[in-house]
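J.: next input, structure requested:
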Amino acid sequence: MEHNEAIQSRAAERYSTGQMPPDEAELFEAHFFGCLECAEEVRWISLFEANAKQVVGRNVRETDAQFVAVVVLVLNQRVPVTVPSYAQSLVFSIPVSPGWGASHVSLATAAGTARFTMAVPEAQLAVGSVTVMVAAREMDPGFNLLTLVSADGDQLDYPFDITLS
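T.: Numbers count the residues shown, from 1 in each chain. A predicted model of the protein is given here:
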């Protein structure tokens, strides 16, 4: 399976929720074991589903996880992000070096409009990544920037470009 085919067919969501036939699952497995983006998406969908089950205290429908798009950002590298029309939320995974103490994260558009600022939980720093969930409908197409800021004022920038599909 090629990467574009995996994206267009929502393979990660269908695989994670058990909605993929075994023969197609085998092809997708061969792809995602070598594709960081698809592997991360499978991981985040599984985490989302597990967390949702805990929060609601019931079984979540198999289709609930398919409305989340997962994006792994890279320090100082502009990442293209296509937001699928079905996505209700975007989950940004921001890798952080151990020992780097981010106190908060903020989101801004190219125009410099601040969308939000929020504190970074210590537990996220301990695992080496910060996770930010944003409603997809609140994202502006074009350039956006997530910035991690330490208590000392040091910044790490994670730029990305949003395209709506």
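J.: any idea how far I45 lies from V132?
T.: Here the distance between I45 and V132 works out to 16 Å (CB to CB, to the nearest Å). Backbone N, C-alpha and C define where each C-beta goes, glycine included.
J.: same question, A87
T.: Taken as CB to CB, the spacing of A87 relative to V132 amounts to 15 Å.
J.: how about S93?
T.: Here the distance between S93 and V132 works out to 8 Å (CB to CB).
J.: between the two, tell me which one has more neighbours.
T.: When S93 is set against V132 and neighbours are counted by other CB atoms under 10 Å, the residue ahead is V132, at 21 against 16.
J.: hmm, V96 and the more buried one touching each other?
T.: No. Checked against CB atoms under 8 Å, the pair V132 and V96 is beyond contact range at 11.9 Å.
J.: low-confidence ranges, this protein, go.
T.: Filtered on pLDDT under 70, the chain yields the residue ranges 49-67, 123, 125.
J.: okay, now the domains of it?
T.: What automatic domain parsing lists as the domains of the chain is 1-65, 73-165.
J.: all helices of this structure, in order?
T.: Shown for the chain, the helices assigned by DSSP state H span residues 3-8, 11-16, 22-32, 36-56, 122-126.
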